[in-house]
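In: Sequence first, then the predicted structure:
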Amino acid sequence: MEPKEIFEAVKQTFGEAAVELQEEGFHPAFLVVSPEKVREIGRFLRDDPAMKFDSLMCLSGVDYPDRFAVAYHLHSLAIGHRIGVKAYLPKEAPSLPSVDDVWPAANFQEREAFDLFGIVFEGSWDLRRILLPEDWVGHPLRKDYKYPDSYHGIKV
Amino acid sequence: MSQNPAQSGPGPAAGPGALGPEAHVMVGNADKFINWCRRSSLWYLLFATACCGIELMQAGASRYDLDRFGAVFRATPRQSDLMIVAGTITHKMAERLVRLYEQMPEPKYVISMGSCANTGGPFYKDSYCVVKGVDLLVPVDVYVPGCPPRPEALIDGIIKLQKIIDKKKNFAAAKA
């Protein structure tokens, strides 16, 4: 399916939750959706017989100057098409529903986004730091991150 | 007819010739002997955390053959004399490195292999997670430069360490 058709299908089912389609300069194109509907839209994209997005290739956090975003890259092994889904989040306390019950592979990648960006995935069954030590302070991939002077007495 | 040293007559043996021609006696100093033992069986701990580990494996394999220096790898710190820190050490790994080092029996030596272990290397600037040199954690005997060092360089480092061991005075502390 073409990105436009996918966007129309999502819009028909979820209405306002499908915000816009970003095609220019993106490959694959990105559906921008409202963050609170991410889990339902994910389930729809996975289960709809015309979409069958059965593989979450990549889940990443993004830090824009004025907001955060979470980007999902989806691929359908059955049909062979792909699409991106993006949800924008506010700078203050960014959080959105977890999709780890839709694609179990999301868990590690959500933990990574939580670890490095501090984006909270509500309803995740195991949201812990994954790369950094558990007692690390702050989220290093944020643009406003300040390096600590030392960690456990070792100079950073 | 050969002479058996055990049947060389009654009474205490007098002089080196008394044991007979088949007995061999070497005279030397204990420091030299102990250092020779230590430098000839440098069992090293497998501690490969990055691409230097590939060169370390290569140095241990048949082409470069670290075995000929008596250096063989051990998978446990409790049988190791030498820790070759081959790779980037992150702050998360630092605690494990120190714990492994503390588990090694004395005398123990450390070779810091490659830029990351020496100084943090490419991560020296603008990295929040990499330890800027393994000498911040444990005492280092030999630094091997390179990114990663070739096996020849690592072997040179091991020979340098053997020379350091050769100069050690094992009984100096007992006098004081």
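Out: Right, received. Where do you want to start?
In: tell me which element the most centrally placed residue in chain B falls in.
Out: Centroid-nearest residue in chain B: residue B:42, 3.7 Å away (criterion: CA atoms, centre = their mean). Using DSSP states H and E, residue B:42 maps to neither a helix nor a strand.
In: Who are the contact partners of it?
Out: B:69-71, B:81-82, B:109, B:158, B:161-162 (CB atoms under 8 Å, 6 or more residues apart in numbering or on different chains). (C-beta placed from N, C-alpha, C; glycine too.)
In: State the next helix or strand along the chain beyond the strand or helix carrying residue A:61.
Out: Assigned by DSSP H and E, residue A:61 falls within strand A:55-63. Following strand A:55-63 in sequence order, the next helix or strand is strand A:68-75 (DSSP H and E).
In: Alpha carbons of the longest helix along chain B, as PDB, please.
Out: The longest helix of chain B (DSSP state H) is helix B:151-166. Output in PDB follows, covering the C-alpha atoms of helix B:151-166 (Å, rounded to 0.1, in the frame of the first residue of the first chain):
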ATOM      1  CA  PRO B 151      49.700  -8.500  17.500                       C
ATOM      2  CA  GLU B 152      53.400  -7.700  17.200                       C
ATOM      3  CA  ALA B 153      52.900  -4.600  19.300                       C
ATOM      4  CA  LEU B 154      51.100  -6.600  22.000                       C
ATOM      5  CA  ILE B 155      53.900  -9.200  21.900                       C
ATOM      6  CA  ASP B 156      56.400  -6.400  22.300                       C
ATOM      7  CA  GLY B 157      54.400  -5.200  25.300                       C
ATOM      8  CA  ILE B 158      54.500  -8.700  26.800                       C
ATOM      9  CA  ILE B 159      58.300  -8.800  26.300                       C
ATOM     10  CA  LYS B 160      58.600  -5.400  28.000                       C
ATOM     11  CA  LEU B 161      56.600  -6.700  30.900                       C
ATOM     12  CA  GLN B 162      58.900  -9.700  31.100                       C
ATOM     13  CA  LYS B 163      61.800  -7.300  31.300                       C
ATOM     14  CA  ILE B 164      60.100  -5.400  34.100                       C
ATOM     15  CA  ILE B 165      59.500  -8.700  36.000                       C
ATOM     16  CA  ASP B 166      63.200  -9.600  35.500                       C
END
